[in-house]
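K.L.:
Predicted model follows, preceded by the sequence.
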Amino acid sequence: MHRLAVAILGEQSGASGTLQELVSQASNARLVFSTSQLPSRRDDATLRQLGELEPEVVLVAVNPDDADPGLSAIRLLRSSISGLVICAVGDLQQPHSVIRAIREGAIDFIDRNSHRSAVEAALANLAAEVLRSSRKQGKVITFLGCNGGSGATTLAVNTALALQELTGRVALIDLAAYSHAALHLNLQPSFGVSDALANLERMDKRMMEGYMVPGPGGLHLMGGVTYPMATELDTNELVSLFDLLATRYDYIVADCSGRVDKASREICYASATVFLAFQTSLVSMFTARRLRDYLVWEIGAERVQLLLNRYRKNALSDAELREGLKAEVQWKIPDGGDAVMESVERGSPIVLQKKNEVARAIRQLAGVLVHGDGPHRVEESSQSLVATT
């Protein structure tokens, strides 16, 4: 479980102990900064420290005998640090101070005489507010492979790069069974998903960036688990990790190829779009139909898209595909032949080749994800790619 990073300004004692003690004892929070001083100017050292530490919540003490310094600090924090969740702590028997604190920018007001359980409940509410008020609420895009060699990892890697070109803030998370995304990018991560989950309780922006490896164009990769057979992912922790990633990135692309388990199911639930990558073999189409039927039942048809990879124009017709899948194919990515294989072997993703047909198709797919024009089928022609709704 992720524990909320909390800073305390204007430390005071109440009937149940000090604010620092109450937060330190809470099971859903961790104290990252505490001072008895309240900032009064924009050049105050406290503001610089908060900017460096980036706490998710700041508790500001409002003295019952002199509320003005605490209220002024709330106003200063609100105007100086965007996206900060602020909570006032004071005497609930002084409704005037409560109203003023909310007007100055506090999200909530906690009684300074609260016991630990009440503080934990208030922090839980603040955690929900942190997610709602985050500077970014990124979308999760998941790729599932419907058979071995379906190309789901290739599609995930290249789509992430195409999204990075368009938005500038994308994370690629390797949840695939064999963790090959790094090979596609010619990267060597020192840490991976299992390391991030092991340190989730104290995860902050700086630590999260430490688990990322920068890739082409500024793409961030979080590598897969080090020992696939020895590591079982905790689904609750995994969802919490993705919640945190969604506050930092515009798009989080999850490569779940080779996984059909609780972890991939939970990520699908959290996804804005799930791509089922399949080919025109009987086994692949059979799996695609079964996975689609289940996911449509669970998360809705609008979030599940069938993606025919390595499409050849003279293979199955649209009618034959529709009959075999009992559904429409939203995307067709042309067969790139040796060019795609060579790009994987070199660790140089195909989407970086501007004139390649597969690259153009994947960039078009990324463009639709960003601009929301609805799914297209990308078909192969002798001259160029033709997209039709």
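P.N.:
Thanks, I have it.
K.L.:
For the stretch 1-150 of the chain, just list every one of the strands.
P.N.:
Using DSSP state E, counting those that start in this stretch, the strands of the stretch 1-150 of the chain run over residues 4-9, 13-14, 17-18, 29-35, 57-61, 85-90, 108-111, 139-145.
K.L.:
Redo the ones you listed as a markdown table? Include mean pLDDT, distance to residue 258 and mean neighbour count.
P.N.:
C-betas here are computed from N, CA, C, even on glycine. Shown next, in a markdown table, are those (pLDDT from 0 to 100; distance: least, CB to CB, whole Å; neighbours: other CB atoms under 10 Å):
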| stretch | mean pLDDT | distance to residue 258 | mean neighbour count |
| --- | --- | --- | --- |
| strand 4-9 | 89 | 34 | 23 |
| strand 13-14 | 60 | 53 | 16 |
| strand 17-18 | 68 | 50 | 16 |
| strand 29-35 | 88 | 35 | 19 |
| strand 57-61 | 93 | 38 | 26 |
| strand 85-90 | 91 | 38 | 25 |
| strand 108-111 | 90 | 44 | 20 |
| strand 139-145 | 96 | 6 | 26 |
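K.L.:
Rebuild the ones you listed as a markdown table, extending it with distance to residue 354.
P.N.:
Below are these laid out as a markdown table (distance: least, CB to CB, whole Å):
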| stretch | distance to residue 354 |
| --- | --- |
| strand 4-9 | 42 |
| strand 13-14 | 63 |
| strand 17-18 | 60 |
| strand 29-35 | 45 |
| strand 57-61 | 45 |
| strand 85-90 | 43 |
| strand 108-111 | 51 |
| strand 139-145 | 22 |
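K.L.:
wait, residue 7 sits on residue 55?
P.N.:
Yes: here residue 7 reaches residue 55: they are 3.9 Å apart, a contact under CB atoms under 8 Å.
K.L.:
shared neighbours, the two?
P.N.:
Counting by CB atoms under 8 Å, 6 or more residues apart in numbering, the contacts common to residue 7 and residue 55 are 32, 33.
K.L.:
The closest residue to residue 352 other than its chain neighbours and residue 42: what is the separation?
P.N.:
In space, and not counting its chain neighbours, residue 352 is closest to residue 216: 6.6 Å by CB to CB, 6 or more residues apart in numbering. From residue 216 across to residue 42, the span is 39 Å (CB to CB, to the nearest Å).
K.L.:
can you check residue 187 too?
P.N.:
Taken as CB to CB, the span from residue 187 to residue 42 is 40 Å.
K.L.:
Pick out whichever of those two has more residues nearby.
P.N.:
Remark: of residue 187 and residue 42, residue 187 carries more neighbours, 16 against 9, as counted by other CB atoms under 10 Å.
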